[in-house]
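Colleague: can't give you the sequence, but here's the structure:
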């Protein structure tokens, strides 16, 4: 018998699940050229995370290892919106609002936030 090829379930873009969203994000973030970080997200990371405490490396680490605990929301016909959450040092959960493109390999980071932050 030859090498086994792992079975990968096709993505159901009509009804994206949390586990599918996590898998897609982890695959796409490996190539940093796929990730577009908005100016708004950069501004908010400086405001909410104290600038030097939360850097681009943290953002990529959250995308690579965080979870998507809430169902994805259809942003429009070309993207799904999810919040990738990860516990940060100091016992707070950081969230990255991310759009997953359905027509290419792009991830768009819309904003970053503390999950216990109130407007």
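Modeller: Received the coordinates, thanks. As the structure is a computational prediction, the values presented were derived from the model and not from experiment. Numbering: from 1, shown residues only.
Colleague: ranges for the helices of the chain?
Modeller: In the chain, the helices defined using DSSP state H lie at 18-29, 39-49, 56-65.
Colleague: could you dump these into CSV and include mean pLDDT and distance to residue 112?
Modeller: (Glycine included, C-beta is placed from N, CA and C.) Below are the helices of the chain laid out as CSV (pLDDT from 0 to 100; distance: least, Cβ to Cβ, whole Å):
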stretch, mean pLDDT, distance to residue 112
helix 18-29, 96, 14
helix 39-49, 78, 5
helix 56-65, 88, 7
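Colleague: can you redo those helices as CSV with mean neighbour count and distance to residue 85?
Modeller: CSV is the format used below for the helices of the chain (neighbours: other Cβ atoms under 10 Å; distance: least, Cβ to Cβ, whole Å):
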stretch, mean neighbour count, distance to residue 85
helix 18-29, 18, 11
helix 39-49, 15, 14
helix 56-65, 16, 8
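Colleague: mind putting the ones you listed in JSON lines, distance to residue 80 included?
Modeller: Compiled in JSON lines, the helices of the chain are given as follows (distance: least, Cβ to Cβ, whole Å):
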{"stretch": "helix 18-29", "distance to residue 80": "7"}
{"stretch": "helix 39-49", "distance to residue 80": "17"}
{"stretch": "helix 56-65", "distance to residue 80": "15"}
